[in-house]
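A.B. asks: Here's a sequence, model it:
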Amino acid sequence: MRLKLALTFAVLACAVASGSSRAAAPPAQNLSHAQLKKMVQNAHSAEDYLTLASYFRWRQQQFEQQAHDELLFWAQRSMNVSLEAAKYPRPVDSSRNRYEYFVYEAQKMSAQAEHYQSLSESTNR
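C.D. replies: Numbering: from 1, shown residues only. The predicted structure follows:
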């Protein structure tokens, strides 16, 4: 009896977990440049604008994660200062430049997301 109860509970838990993960999964976010351009041109409804805003938020999160990883790498490289690293561009400089690039791109994606969010709100009125 205990085995049946444990098995039933495990199957039920797996079913609930898989159902919730499907509901929380974002729509296909990996769009090509042409698909994104077409989506931007054809967006006219609040739902379209919200889809674009969520895409740009997703891209912002990607760039923020890359910036975080590069910041850690930058800190690691800045500890290793030697005569070999004195030549330009130093590995520290490369890491700093990559970090600044990722932060800049994250800010651009945030601005795009806010733009489409405001467009969706204005079409709802």
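A.B. asks: where's Leu31, which helix or strand?
C.D. replies: Using DSSP states H and E, Leu31 sits within no helix or strand.
A.B. asks: Identify the residues contacting it.
C.D. replies: 39, 55 (CB atoms under 8 Å, 6 or more residues apart in numbering). Yep, even glycine has a C-beta here, placed from its N, CA and C like the rest.
A.B. asks: What distance do you get for it to Glu64?
C.D. replies: 19 Å (CB to CB, to the nearest Å).
A.B. asks: for His33, same thing?
C.D. replies: Per CB to CB, His33 is found 21 Å from Glu64.
A.B. asks: before we move on, what about Trp58?
C.D. replies: Distance, Trp58 to Glu64, using CB to CB: 11 Å.
A.B. asks: follow-up on the earlier one: which of His33 and Glu64 has more residues huddled nearby?
C.D. replies: The neighbour count for His33 versus Glu64, taken as other CB atoms under 10 Å, is higher for Glu64 (17 against 7).
A.B. asks: Is that one in contact with Ala106, as I believe?
C.D. replies: Yes - the pair Glu64 and Ala106 qualifies as a contact (CB atoms under 8 Å) at a distance of 4.8 Å.
A.B. asks: mind listing what the residue nearest to Asn124 when sequence neighbours are not counted touches?
C.D. replies: Computed as CB to CB, 6 or more residues apart in numbering, the closest residue to Asn124 that is not its neighbour in sequence is Ala46, at 5.0 Å. Neighbour list for Ala46: 120-121, 123-124 [criterion: CB under 8 Å, 6+ apart].
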